[in-house]
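**Student:** Here is the input, now give the coordinates:
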Amino acid sequence: MKLNEDFLGSMHEAMNLLRTRGPAEATEAIQRALRGESGAKSNEPSLRDITPTAPPASNAATAFAADRPKTARHDDGHATRHAHKDIEERGHFSTDRFSNGAGSRQYRLYVPAGAAAEPLPLIVMLHGCTQDADDFAAGTQMNVLAEQQRFLVAYPVQPQQANPSKCWNWFKPADQQRERGEPALLAGITREIMQTHRVDPARVYIAGLSAGGAMAHIMVAAYPELYAAAGIHSGLPAGCAHDLPSALAAMKGGQRAGQGRFGERHGKTSEPVRPMIVFHGDADATVHVANARRILDGFEAAPGGGHDARRVNANGRACSVARLVASNGVDAELWTLHGAPHAWAGGSARGSYTDPSGPDASAEMLRFFLEHPRCA
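**Tutor:** A predicted model of the protein is given here:
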């Protein structure tokens, strides 16, 4: 988008609205500017659920209700939920807190029954905006898989004090850098769990939804020695934004210049370092599906790289699945979910931002992770 006079005027309008009418109105003004509109509001779903601007916590449930895709039970929903709850209760779901020079964050940790016998994989799960650890665990059903397949799951929690909508601050430069801000906290949580539990260091992974997916991409880029692979659902590429306007532009699919600056800060090249599995709905009205391809920049573009796309039907949802291989041998999977909204595919109605149709994203991520232990 060109920064013409109309756009700059809209930015001034947004700042005035922020002071006079609150963050919600300011966000809507920025949205209109990004669409090239002025004046009346659009009926398009709000982008507030992944940005720092949000109404007060007491109004959050009402304000975000229109953005949330409706969830539905599976045919045996009642029985399935009870069976899953029984499985989850076999393990131990604890609450802990980690602190370092960057601050402090609470996290929940699921340890399956009988976990002390051998080193197990660890998956760090980063929730989306307005969510918390319990909500994300319920929606993804990752604890059920952890009990069945024997691995640990950690759920760091973003408090409202750090972001009004409880979003991970993926768009702030101070929270995009190794050993600074939120990356330092998340890496610290990961290391603490590895020190206090029997974790296989070659099988430590990170995954996230939406803002959590954006932060997961930052983490795997900044800490390739810590995480063997990443799973990103409805997220954005590391370094694609540096403030609120650029975040909104990236979410609309129109921003990508910042990725080079991110790579320069971390001394990275465009060549992929760790395997990734990416899910994104092509009907996502919150984060444009173009971001999925941008997360995987460097795979198809690499000399000798290749891809093999196939179309499948998974639980009533048509999907295109592409397997990508870079010249250095690092591989990835891209699941494009046709007609899917901004929601965790195959998720449970027990949690927010879930879509019961489509592939079981949690199970597919786990399968991909276990196929990719860290080799170096």
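**Student:** Then A250 would be within a helix, right?
**Tutor:** Yes - assessed by DSSP: H, G, I helix; E, B strand; the rest coil, A250 belongs to a helix.
**Student:** Got phi/psi on the closest residue to it other than its chain neighbours?
**Tutor:** Nearest non-adjacent residue to A250, counting by CB to CB, 6 or more residues apart in numbering: C240, 4.3 Å away. Where C-beta positions appear, they are placed from N, C-alpha and C, glycine not excepted. C240 adopts backbone torsions of phi -80, psi -10, taken as degrees, to the nearest 10.
**Student:** Give me the neighbour count for C240.
**Tutor:** 26 (other CB atoms under 10 Å).
**Student:** gap between it and G254?
**Tutor:** As judged by CB to CB, to the nearest Å, C240 and G254 stand 10 Å apart.
**Student:** got any residues that touch both of the two?
**Tutor:** Here C240 and G254 share no contacting residue, scored by CB atoms under 8 Å, 6 or more residues apart in numbering.
**Student:** returning to what we had before: now that the residue nearest to A250 has come up, it's in contact with A290, right?
**Tutor:** No - look at C240 against A290 with CB atoms under 8 Å: they stay out of range, at 10.6 Å.
**Student:** Going along the chain, name the helices of the protein.
**Tutor:** Along the chain, the stretches classed as helices by DSSP state H are 5-20, 23-34, 60-65, 77-88, 133-140, 142-149, 181-196, 211-222, 244-251, 258-265, 290-295, 361-370.
**Student:** Go through those helices and find the least confident stretch.
**Tutor:** The weakest mean pLDDT among the helices of the chain belongs to helix 60-65, with a mean of 25.
**Student:** Of all the strand elements in this structure, which one is longest?
**Tutor:** With secondary structure taken from DSSP state E, the chain has its longest strand at strand 199-209.
**Student:** what about stretch 341-348, average pLDDT?
**Tutor:** 98.
**Student:** quick thing: my sequence starts at 18, can you match it?
**Tutor:** Happy to do that; since the first residue is 18 now, the last one works out to stretch 358-365.
**Student:** What lies in contact with it?
**Tutor:** 66, 84-86, 88, 98, 101, 155-158, 226-227, 250-251, 296, 298, 300-304, 331-332, 334, 352, 354, 368, 370-380.
**Student:** measure the residue most central in space within the chain to P241 for me?
**Tutor:** Central residue of the chain (CA atoms, centre = their mean): G230, 1.7 Å from the mean position. Note on G230: its distance to P241, by CB to CB, is 17 Å.
**Student:** Can you spell out the domain ranges of this protein, please?
**Tutor:** 22-82, 95-387 (automatic domain parsing).
**Student:** what's the most buried one of those domains?
**Tutor:** domain 95-387 (a mean of 20; mean count of other CB atoms under 10 Å).
**Student:** Verify the contact between V295 and W352 for me.
**Tutor:** Yes - using CB under 8 Å, V295 is in contact with W352, at 6.8 Å.
**Student:** who's in contact with the closest residue to A224 other than its chain neighbours?
**Tutor:** Spatially, and ignoring its direct neighbours in sequence, A224 is nearest to G248 (3.5 Å; CB to CB, 6+ apart). Counting by CB under 8 Å, 6+ apart, G248 touches 222-225, 233, 293-296, 378, 382, 385-386.
**Student:** I'd assumed A258 was in contact with N308.
**Tutor:** No - counting by CB under 8 Å, N308 does not reach A258; the two are 10.7 Å apart.
**Student:** quick one: common contacting residues for those two?
**Tutor:** Counting by CB under 8 Å, 6+ apart, the shared contacts of N308 and A258 are A267.
**Student:** Relative to S379, how far out is S365?
**Tutor:** Going from S365 to S379 by CB to CB gives 9 Å.
**Student:** what's the overlap in contacts for the two?
**Tutor:** In contact with both S365 and S379: T157, Q158, using CB under 8 Å, 6+ apart.
**Student:** Might one say that V329 is in contact with E350?
**Tutor:** No - the pair V329 / E350 is not scored as a contact, 12.0 Å apart, by CB under 8 Å.
**Student:** residues bridging contact with these two, i.e. touching both?
**Tutor:** With CB under 8 Å, 6+ apart, V329 and E350 have common neighbours V338.
**Student:** show me the contacts for the residue nearest to the centre of the chain.
**Tutor:** L143, G145, A224, I249, H250, S251, G252, L253.
**Student:** re the thing from before, starting at the chain centroid, how far to the longest strand of the chain?
**Tutor:** Chain-centre distance of strand 216-226: 14 Å, with CA atoms, centre = their mean, to the nearest Å.
**Student:** ok, it: who's next to it in the sheet?
**Tutor:** strand 137-143 (parallel), strand 246-250 (parallel) (DSSP bridges).
**Student:** can you tell which of those strands is closest to H109?
**Tutor:** strand 137-143 (13.1 Å; CB to CB).
**Student:** Run the angle between that closest one and helix 159-166 for me.
**Tutor:** Angle of strand 137-143 versus helix 159-166, following axes from the mean of the first three to the mean of the last three CA atoms, to 10 degrees, is 170 degrees.
**Student:** Alpha carbons only: can I get strand 137-143 in CSV?
**Tutor:** Extracted in CSV, the C-alpha atoms of strand 137-143 (Å, rounded to 0.1, in the frame of the first residue of the first chain):
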residue,chain,number,x,y,z
LEU,A,137,10.0,-37.6,26.4
PRO,A,138,9.3,-35.1,23.7
LEU,A,139,8.1,-31.6,24.7
ILE,A,140,5.7,-29.4,22.7
VAL,A,141,5.4,-25.7,23.7
MET,A,142,2.0,-24.4,22.7
LEU,A,143,1.4,-20.6,22.2
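**Student:** How far away from the center of its chain is it?
**Tutor:** 14 Å.
**Student:** quick one: average pLDDT of it?
**Tutor:** Mean per-residue pLDDT for strand 137-143: 99.
**Student:** For the nearest residue to G108 once chain neighbours are set aside, give its distance to E388.
**Tutor:** Closest residue to G108 apart from its sequence neighbours, by CB to CB, 6+ apart: P129 at 4.4 Å. Distance from P129 to E388, counting by CB to CB: 20 Å.
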